[in-house]
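[1] need a structure here:
(chains A, B, C and D)
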Number of protein chains: 2
Amino acid sequence: MDTARRRRAPRQAEAERNDRELLRAAREVLAEDGAHASVAAIAARAGVGIGSLYRRYRTKEELFQRLAELSLDQWTDTLEQAAACDDPWEALTAFITASLEADRGSLAPIAGAVEVTPAMWEKHRRADRQLAGLVERATAAGVLRPDVTATDIWVLLEQLTAAPMIEQLRRQGRTDLLPAAVEARQRTIAIVLDGLRPPGSPLPGGPPAETLFTGRWADDRHR
Amino acid sequence: MDTARRRRAPRQAEAERNDRELLRAAREVLAEDGAHASVAAIAARAGVGIGSLYRRYRTKEELFQRLAELSLDQWTDTLEQAAACDDPWEALTAFITASLEADRGSLAPIAGAVEVTPAMWEKHRRADRQLAGLVERATAAGVLRPDVTATDIWVLLEQLTAAPMIEQLRRQGRTDLLPAAVEARQRTIAIVLDGLRPPGSPLPGGPPAETLFTGRWADDRHR
DNA sequence: TCCATTGCGGAGCGATTCGCTCCGCTATAG
DNA sequence: CTATAGCGGAGCGAATCGCTCCGCAATGGA
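    Got it, this is the predicted structure:
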């Protein structure tokens, strides 16, 4: 028993390192190539053979699901850190800017392409509740325009996480223009944040339905 | 001469109709499938054989270039209509909302994938000048936060034209959720427009370089 | 020193999808 | 009935995909 465990030790260290590299590479390739990201590209970027990838994950989907779970954990971490902020407005903006800087939305192409695991559902619901708390606090303090809901923030985030210009420049290898593009994006974000402050003109329509998000991941029409 | 023209008439009418259908179908398929849009899908949507497509356009790229030129013409039209507005702020917002409603950005995936024709350059420069005029007018009237440039508006538009949520819902056939998604997007746009009003907190960094746009379409590093 | 075991890299398979060619066909005009 | 302009789409060669499978290197106990 004890010998069996010790026998597996040395190679296991390499295997764990490979796994970390794979997850990192998968995030990067997914951000650059979008939904077309191929397992070959991921393995190559990780400096690992395709065989090793498939020993760890039985399918490409399983790798993506693991990636999504880790990303959802990061959402929760970011939300917790932001909630620690004393100022309600800074708490909200800290969450938004932090979410956009770590381009966690880069694995948005996964949504709808892989089946949602129970763990993903659970983590998603948790992040949802956390953001709702942040929004409630800001609204109560009067630092957020009163007709903005948590779902509005999700929509806004999804809209802003995509950085089409930066992605295109990176694909074309125009690294000379990248800093300018990043700066321009920050200006855009600043404009949007100002748009969230009160009072603002009344927003059109009613508050967006919460099913707008969950609905895309699983068919809940029968409910 | 006269007989020759009359001889070709009946079939030519069908050919022209096919061309219109092809362009319309190409726009739709491009909006739904993104960069992967295949000629087969375009021809099928147009109710036309692949052969007819290739009789009119020698390559897929040629079709996309024609599409881009037509789209650039629409930019100019929208800008002219907006410029006719008396109120400087309404002129600018009219342009922005009109640009976003006609999801002209749906053929953004073309950018960088096809070679830029001289005609495309010319039309692009023209639209650029037109928007600069709109922004100048709004700034002079004090209805636009003073540190926003025309390039900022282009960046903002590119960021907002992508409607990832709506596209995903459409792909999944969740037409029941589509109206809610469209409404949510309009709320986002309203928030952004409010963020463009003065005074607003000072925007980070300096004004974005104009080369941010032209640079992605052609390599101008040698200048 | 030798062998069993573990994990590795990547050639290559079958399937799919792509842009595009080419040909048989129909509809019209004389 | 013949000539012809224009049509639709089968199918080709190429590329790319997810994934399997196998030969090999490194390790550690006997």
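[2] what number of residues lie near A:Glu101?
    12 (other Cβ atoms under 10 Å in any protein chain shown). No exception for glycine: its C-beta is placed from N, CA and C like everyone else's.
[3] next: A:Pro204.
    Quick note: A:Pro204 (other Cβ under 10 Å) scores 11 neighbours.
[4] and it, which of the three is it?
    coil (DSSP: H, G, I helix; E, B strand; the rest coil).
[5] likewise for A:Ser201?
    At A:Ser201, secondary structure determined by three-state DSSP is coil.
[6] test my guess that it contacts B:Asp194.
    Yes: at 6.2 Å, A:Ser201 counts as touching B:Asp194 under the criterion of Cβ atoms under 8 Å.
[7] which of these two has more neighbours?
    Under the criterion of other Cβ under 10 Å, the comparison of A:Ser201 against B:Asp194 puts B:Asp194 first, with 21 against 12.
[8] and that one, how close does it get to DNA strand C?
    Distance, B:Asp194 to DNA strand C, using Cβ to the nearest atom of the strand, to the nearest Å: 41 Å.
[9] what does stretch A:102-114 contact?
    A:27, A:30-31, A:34-35, A:37, A:61, A:64-65, A:67-68, A:71, A:74-75, A:78, A:99, A:157-158, A:160-163, A:216-217, B:164, B:168, B:171-172 (Cβ atoms under 8 Å, 6 or more residues apart in numbering or on different chains).
[10] wait, A:Ile94 sits on A:Ala82?
    For residue A:94 the amino acid is Ala, not Ile. Yes: if you go by Cβ under 8 Å, A:Ala94 and A:Ala82 touch, sitting 4.4 Å apart.
[11] report how many residues lie close to A:Thr139.
    19.
[12] now swap in A:Gly34 and tell me
    17.
[13] which residues touch A:Asp194?
    For A:Asp194, the contacting residues are B:Asp194, B:Gly195, B:Gly200, B:Ser201, by Cβ under 8 Å, 6+ apart.
[14] closest one of those to DNA strand D?
    Set against DNA strand D, the nearest of the contacts of A:Asp194 by Cβ to the nearest atom of the strand is B:Gly195 (38.6 Å).
[15] so the closest one, which state does it fall into?
    Assigned with three-state DSSP, B:Gly195 falls in the helix class.
[16] for it, give its distance to chain A.
    Plainly put, B:Gly195 is 3 Å away from chain A if you go by Cβ to the nearest Cβ, to the nearest Å.
[17] in what helix or strand does the residue of chain A found nearest DNA strand C lie?
    Relative to DNA strand C, the nearest point of chain A is A:Gly51 (2.1 Å; Cβ to the nearest atom of the strand). With elements taken from DSSP states H and E, the one containing A:Gly51 is helix A:50-56.
[18] now the helix or strand following that helix, how far from the centre of its chain.
    The first helix or strand that comes after helix A:50-56 along the chain, using DSSP H and E, is helix A:60-83. Using Cα atoms, centre = their mean, to the nearest Å, the mean C-alpha position of helix A:60-83 is found 7 Å from that of the whole chain.
[19] helix A:60-83 and DNA strand C in contact?
    No: using Cβ under 7 Å from any atom of the strand, helix A:60-83 never reaches DNA strand C; the gap is at least 12.3 Å.
[20] identify the residues contacting the helix holding A:Gly51?
    Counting by Cβ under 8 Å, 6+ apart, A:Ala15, A:Asn18, A:Asp19, A:Leu22, A:Val39, A:Ala40, A:Ile42, A:Ala43, A:Ala46, A:Leu63 sit against helix A:50-56.
[21] look up the closest residue to the last one, ignoring the ones flanking it.
    Spelled out, that is A:Leu63. With sequence-adjacent residues excluded and distances taken as Cβ to Cβ, 6 or more residues apart in numbering or on different chains, A:Leu63 is closest to A:Tyr57, at 4.2 Å.
[22] what's the pLDDT at the one you found?
    Note on A:Tyr57: pLDDT of 96.
[23] what's the answer for A:Ile110, then?
    84.
[24] now list the buried members of the contacts of stretch A:102-114.
    The neighbour count (16 or more other Cβ atoms under 10 Å in any protein chain shown) marks A:27, A:30-31, A:34, A:37, A:64-65, A:67-68, A:71, A:75, A:78, A:99, A:157-158, A:160-163, A:216-217, B:164, B:168 as buried among the contacts of stretch A:102-114.
[25] grab the most central residue of chain A for me.
    Nearest to the mean C-alpha position of chain A, by Cα atoms, centre = their mean, lies A:Arg104 at 3.1 Å.
[26] if I look at that residue, how far off is A:Asp33?
    Noted for A:Arg104: a distance of 17 Å to A:Asp33, by Cβ to Cβ, to the nearest Å.
[27] before we move on, back to that, filter the contacts of helix A:50-56 by proximity to DNA strand D?
    Among the contacts of helix A:50-56, proximity to DNA strand D is found for A:Val39, A:Ala40 (Cβ under 7 Å from any atom of the strand).
[28] PyMOL command for the buried members of the contacts of helix A:50-56?
    For the buried members of the contacts of helix A:50-56, the matching PyMOL selection, counting by 16+ other Cβ under 10 Å, is:
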select buried, chain A and resi 18+19+22+39+42+43+46+63
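[29] now the contacts of helix A:50-56 as a markdown table including pLDDT and secondary structure?
    Conversion of these to a markdown table gives the following (pLDDT from 0 to 100; DSSP: H, G, I helix; E, B strand; the rest coil):
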| residue | pLDDT | secondary structure |
| --- | --- | --- |
| A:Ala15 | 78 | helix |
| A:Asn18 | 90 | helix |
| A:Asp19 | 93 | helix |
| A:Leu22 | 96 | helix |
| A:Val39 | 97 | helix |
| A:Ala40 | 97 | helix |
| A:Ile42 | 97 | helix |
| A:Ala43 | 97 | helix |
| A:Ala46 | 96 | helix |
| A:Leu63 | 96 | helix |
